[in-house]
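Visitor: Provided below are the primary sequence and the corresponding predicted coordinates.
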Amino acid sequence: MFTTIDLTRRLTPGSLSYPGDQGGVDIRTVDAGDPSVHVTHLAHLDMHLGTHMDAPLHFVPGGSDIVDLGIPFRPAVVIRTRERFISARALPPTSLDGCAVLFDTGWTIGPESRAYFEAYPHISPELARALVSRGVALVGIDTPSADPIDPALKCPSHRILLGAGIPIVEGLCNLSALPDAPGIVWFGAFALKLEGVDGSPVRAVAFAASG
């Protein structure tokens, strides 16, 4: 038996885009010609809004787009840390090969607030290189980005992970609900199947063994 745990932030008209200075989604109701029929259109959607996945194309010219990644579904390892600059010391000695490594930093601020994008924990380049060397298949974190906000877009951890073909899922939530025991959690991230885009909002879900 499995328990399903939703790790996805709700998107609202108030959800802000990185770096927190504009709205990320514009949902409009259109006239369907019948008052009993409700139809909505997305007039605007930031592909890196809320809980979303970065494909290699985001920082790797000619890299895989979101469609090329398929549907990541991997055994998960949850790492709980309160470091702001998360170092490689956070990694456990157990095998991470082929796993989704999810960082629970306790970041509970939502994307409706500018504070969501300020002074959040992030992955150090040292840690990114360690994740690559240990064969990690996917990296997830509950903050808006794996790197700190940088107007110059150096983003070293993105470049290291995506350069190795490792997708990044950012903006997760509810990671505290996942069990600590290794080997009993699987993680899936279901993106929009949009060809040629470098990222997509996802429905991120964990499946935890129970009973």
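Guide: Everything's here; your move. Note that the structure is a prediction, hence the values are computed from the model and not measured.
Visitor: so where do the strands sit in this structure?
Guide: 2-6, 16-17, 22-23, 25-30, 39-45, 52-54, 73-80, 85-86, 100-104, 122-123, 138-141, 168-170, 185-191, 199-209 (DSSP state E).
Visitor: for the fourth one, what is the average pLDDT?
Guide: In this model, strand 25-30 has an average pLDDT of 95.
Visitor: could I get the buried residue list for that strand?
Guide: By 16 or more other C-beta atoms under 10 Å, the buried positions in strand 25-30 come out as V25. Quick note: C-beta positions are derived from backbone N, CA and C, even for glycine.
Visitor: list the strands paired with that strand, with their directions.
Guide: strand 39-45 (antiparallel) (DSSP bridges).
Visitor: contacting residues around the partner strand?
Guide: G23, G24, V25, D26, I27, R28, T29, V30, A32, P201 (C-beta atoms under 8 Å, 6 or more residues apart in numbering).
Visitor: list the buried residues in it.
Guide: L45.
Visitor: so how far is that strand off the chain centroid?
Guide: Remark: strand 39-45 is offset 22 Å from the chain centroid, using C-alpha atoms, centre = their mean, to the nearest Å.
Visitor: pull that strand out as CSV, backbone CA atoms only.
Guide: Backbone C-alpha positions of strand 39-45 (Å, rounded to 0.1, in the frame of the first residue of the first chain) are rendered in CSV as follows:
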residue,chain,number,x,y,z
VAL,A,39,-14.4,28.1,-20.0
THR,A,40,-11.0,29.6,-18.9
HIS,A,41,-7.9,30.5,-21.0
LEU,A,42,-4.4,31.0,-19.8
ALA,A,43,-3.4,34.4,-21.2
HIS,A,44,0.0,34.1,-19.6
LEU,A,45,1.9,31.4,-17.8
